[in-house]
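Asks: Give me the fold of what follows.
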Amino acid sequence: MLSVIVDAHSDQQALPALLLALTPAAMDGVVRDVVIAAPAASPMIEAVCEETGAEAVFGDLGAAAKAARHERVLVLPAGLRLKDGWIAILKDHLARGGQDAVLAGEEGGGLFSALRPAPFGVLTERSRLAGLAHSELKALRKGLRRPLARLG
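Replies: Residues are numbered from 1 along each chain as shown. Alright, predicted model coming up:
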């Protein structure tokens, strides 16, 4: 039903945990392919791709979008922790037309967690990612049609 693009430019260490959380969605048929946008090849990226079947693209989000197989994409930062029940929420949203949306992530713990912006992923069309650099996920969110659905 959709491709997932994972932005691993700033947090490659969290990548295995996110890909593990995506596994049930892949088994359920919601996620059809995963593309990892990374700054350069590394042994960790290569191992993760070999273990999960994800494809690595060494470049920005726009380059990763070109490698995605589906027009609907879910763009996630590698450090995002998905909330319980996210798959059912996403499936329901897609069944109702799947307009552009923000997928809320879990809040991190710690004393200052309330001061940090809430983590998020973006569900949109692959064509919206053309020319988008890896650090522009917030700009993508701001540029989407309004009102923007919030999932989770």
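
Asks: what's the closest non-adjacent residue to Gly29?
Replies: Met1 (6.7 Å; C-beta to C-beta, 6 or more residues apart in numbering). Quick note: C-beta positions are derived from backbone N, CA and C, even for glycine.

Asks: just Leu15 next, same as before
Replies: Ala78 (4.6 Å).

Asks: ok, that neighbour - contacts?
Replies: By C-beta atoms under 8 Å, 6 or more residues apart in numbering, the residues touching Ala78 are 6-8, 10-12, 14-15, 18, 36.

Asks: which residues in the protein form strands?
Replies: Assigned by DSSP state E, the chain shows strands spanning 2-7, 31-38, 55-58, 72-77, 101-104, 120-125, 149-151.

Asks: separation between the residue nearest to Leu15 and Pro147?
Replies: 28 Å (C-beta to C-beta, to the nearest Å).

Asks: Just name the shakiest helix or strand of this structure by mean pLDDT.
Replies: helix 137-143 (a mean of 74; mean pLDDT, DSSP states H and E).

Asks: tell me the most buried of the strands of the chain?
Replies: strand 2-7 (a mean of 25; mean count of other C-beta atoms under 10 Å).

Asks: Distance from it to the middle of the chain?
Replies: 5 Å (C-alpha atoms, centre = their mean, to the nearest Å).

Asks: between that strand and strand 31-38, how many degrees?
Replies: 20 degrees (axes from the mean of the first three to the mean of the last three C-alpha atoms, to 10 degrees).

Asks: Strand 2-7 packs against which elements?
Replies: Secondary-structure packing of strand 2-7 (3 or more C-beta pairs under 8 Å, 6 or more residues apart in numbering; DSSP states H and E): helix 15-27, strand 31-38, helix 61-67, strand 72-77.

Asks: Serialize these to JSON lines and add fields for mean pLDDT.
Replies: Output for these, formatted as JSON lines (pLDDT from 0 to 100):
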{"stretch": "helix 15-27", "mean pLDDT": "93"}
{"stretch": "strand 31-38", "mean pLDDT": "95"}
{"stretch": "helix 61-67", "mean pLDDT": "93"}
{"stretch": "strand 72-77", "mean pLDDT": "94"}
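
Asks: a markdown table for the ones you listed, including distance to Lys142?
Replies: Formatted as a markdown table, the helices and strands packed on strand 2-7 follow (distance: least, C-beta to C-beta, whole Å):
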| stretch | distance to Lys142 |
| --- | --- |
| helix 15-27 | 23 |
| strand 31-38 | 20 |
| helix 61-67 | 15 |
| strand 72-77 | 14 |
